[in-house]
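J.: Could you work out the structure for the sequence below:
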Amino acid sequence: MTTLIALIVAAVTFGTVLMYGTLGEILTEKSGNLNLGVEGIMYMGGAFGLAGAFYYEKAVGAAANGPVAIIIALLCAFLAGMVASLIYSFLTITLRANQNVTGLALAIFGTGIGQFVGEYMRVSEKGYVALSNNLKNAFSATIFPDFLVNIPVVGRIFFSHTVFFYMAIVIAVAMHLFLKRTRYGLYLTAVGESPSTSDAAGINITKYKYLATTIGGGISAIGGMVYIMTTAGCVWNHEGLSGVGWLAVALVIFCIWRPLNAIWGSIVFGAMMIMYLRLSLPFIPTEIYKILPYIVTVIVLIITSIRNSRDKQPPASLGINYFREER
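T.: Have a look, this model is predicted:
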């Protein structure tokens with residue numbers, strides 16, 4: 001039981017990072033844009049989020065406040081993701097560049113920018129860039145009181161996580177309600193399904209694509225910040241985020257483009273990614289554990305394709321640039 005609880009807690013910790021990346025990409029893809037640059041966006045979010053909190057603490061010293069540092073890190077990561085996604089949007093929506101090529105270029109560009117910022121801080125500070133123990137505890141602490149955390153079994157599973165996990169759940173629920181229960185959410189879904197029909201109905205295609213892509217990129221970038229501030233212990237780690245963005249893109253398919261599915265799907269993927277550390281079997285290579293999420297994604301994609309259910313398919317215009325002249 002202790003091993004199982006530890007696995008669940010670790011899965012939630014890693015799954016929270018994936019949840020942000022997945023939710024951001026779901027919002028982006030709902031508009032019909034396929035942004036494969038999530039990896040680079042998350043790198044930028046991690047680097048700029050750490051930089052924001054680090055230089056805030058450096059400026060105020062011992063007066064640094066945990067909640068303020070969290071807010072600054074969130075804003076810095078979110079803005080970095082929005083700027084990166086704005087570049088992608090301009091190239092693909094305004095200039096109508098190929099979405100796949102642009103996304104891959106953004107993944108490389110964002111990874112380079114993130115590593116440059118992280119290494120620049122490390123070199124300029126002549127050592128590891130890390131926050132004080134006080135701020136580290138603020139980022140890793142739970143928002144619930146000890147008596148709830150100490151409840152046998154239930155306490156650690158439900159109440160021992162950081163504020164970022166519960167915030168991700170709120171975002172997932174809000175995104176679900178927005179897409180299913182609001183007029184603007186239905187407009188966004190219509191844009192992703194048939195931009196020509198939506199354009200004929202008077203919906204501003206450009207506005208919805210820009211907003212969904214830039215906000216989605218900001219949400220994904222928060223995932224990179226969460227990794228650096230929780231899993232990496234508020235210390236810059238340029239290798240820790242490798243592959244996480246691609247895993248988030250795969251998770252979008254696994255969740256069949258539904259925000260609520262990202263909650264449990266990210267935890268499942270998180271468990272599969274860290275299973276080799278908790279339930280390692282000597283006769284199974286570590287590499288097999290690490291490719292499990294991708295194998296599961298391929299299986300889900302095959303099953304949904306065979307069923308040919310429309311509500312389990314990607315937006316009809318996903319990855320296809322809209323040319324109004326061809327309407």
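
J.: buried sites along stretch 282-299?
T.: 289, 290, 292, 293, 294, 296, 297 (16 or more other Cβ atoms under 10 Å). Quick note: C-beta positions are derived from backbone N, CA and C, even for glycine.

J.: where's the second one relative to residue 107, distance?
T.: When distance is defined by Cβ to Cβ, to the nearest Å, residue 290 is 19 Å away from residue 107.

J.: returning to that earlier point: between the buried residues of stretch 282-299, which is closest to residue 317?
T.: residue 297 (21.8 Å; Cβ to Cβ).

J.: first vs last residue of stretch 232-246, how far apart are they?
T.: 19 Å (Cα to Cα, to the nearest Å).

J.: What lies in contact with it?
T.: Applying Cβ atoms under 8 Å, 6 or more residues apart in numbering, the contact partners of stretch 232-246 are 17-18, 21, 37-43, 46-47, 50, 53, 107, 114-115, 118-119, 121-122, 128-131, 135-136, 139-140, 220, 223-224, 227-228, 231.

J.: Show me just the buried residues among the residues you listed.
T.: For the contacts of stretch 232-246, buried by 16+ other Cβ under 10 Å: 17-18, 21, 37-43, 46-47, 50, 53, 107, 114-115, 118, 121-122, 129-131, 135-136, 139-140, 220, 223-224, 227-228, 231.

J.: So which of those are in helices?
T.: Within those, residues falling in helices by DSSP state H are 17-18, 21, 38-43, 46-47, 50, 53, 107, 114-115, 118, 121-122, 135-136, 139-140, 220, 223-224.

J.: could you pull out the helices for the stretch 201-327 of the chain?
T.: 205-226, 244-254, 259-278, 286-307 (DSSP state H, counting those that start in this stretch).

J.: Make JSON lines out of these and add mean pLDDT.
T.: Converted to JSON lines, the helices of the stretch 201-327 of the chain look like this (pLDDT from 0 to 100):
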{"stretch": "helix 205-226", "mean pLDDT": "97"}
{"stretch": "helix 244-254", "mean pLDDT": "91"}
{"stretch": "helix 259-278", "mean pLDDT": "86"}
{"stretch": "helix 286-307", "mean pLDDT": "76"}
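
J.: Tell me which of those helices sits most buried.
T.: helix 205-226 (a mean of 26; mean count of other Cβ atoms under 10 Å).

J.: just to revisit the earlier point, relative to residue 156, which of the helices of the stretch 201-327 of the chain is closest?
T.: Taking these one by one with Cβ to Cβ, helix 259-278 is closest: 14.2 Å.

J.: Give me the helices and strands touching the closest one, please.
T.: Under the contact criterion of 3 or more Cβ pairs under 8 Å, 6 or more residues apart in numbering; DSSP states H and E, helix 259-278 touches helix 2-30, helix 163-181, helix 244-254, helix 286-307.

J.: out of those, nearest to residue 57?
T.: helix 163-181 (18.3 Å).

J.: tell me which residues of that closest one are tucked away?
T.: Neighbour-count burial for helix 163-181 [16+ other Cβ under 10 Å]: 163, 164, 165, 167, 168, 171, 172, 175, 176, 178, 179.

J.: buried stuff in the following helix or strand past that helix?
T.: Note on helix 163-181: by DSSP states H and E, the next helix or strand toward the C-terminus is helix 183-193. In terms of neighbour count (16+ other Cβ under 10 Å), helix 183-193 has its buried residues at 185, 187, 188, 189, 190, 191, 192, 193.

J.: still on that earlier bit, now tabulate the buried residues of helix 163-181 in a markdown table and tack on distance to residue 242 and pLDDT.
T.: Below are those laid out as a markdown table (distance: Cβ to Cβ, whole Å; pLDDT from 0 to 100):
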| residue | distance to residue 242 | pLDDT |
| --- | --- | --- |
| 163 | 26 | 95 |
| 164 | 20 | 97 |
| 165 | 22 | 96 |
| 167 | 25 | 97 |
| 168 | 21 | 97 |
| 171 | 25 | 98 |
| 172 | 25 | 97 |
| 175 | 27 | 97 |
| 176 | 30 | 97 |
| 178 | 32 | 97 |
| 179 | 31 | 96 |
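
J.: ok, of the residues you listed, which one's closest to residue 209?
T.: Out of the buried residues of helix 163-181, the member with the shortest distance to residue 209 (by Cβ to Cβ) is residue 179, at 15.0 Å.
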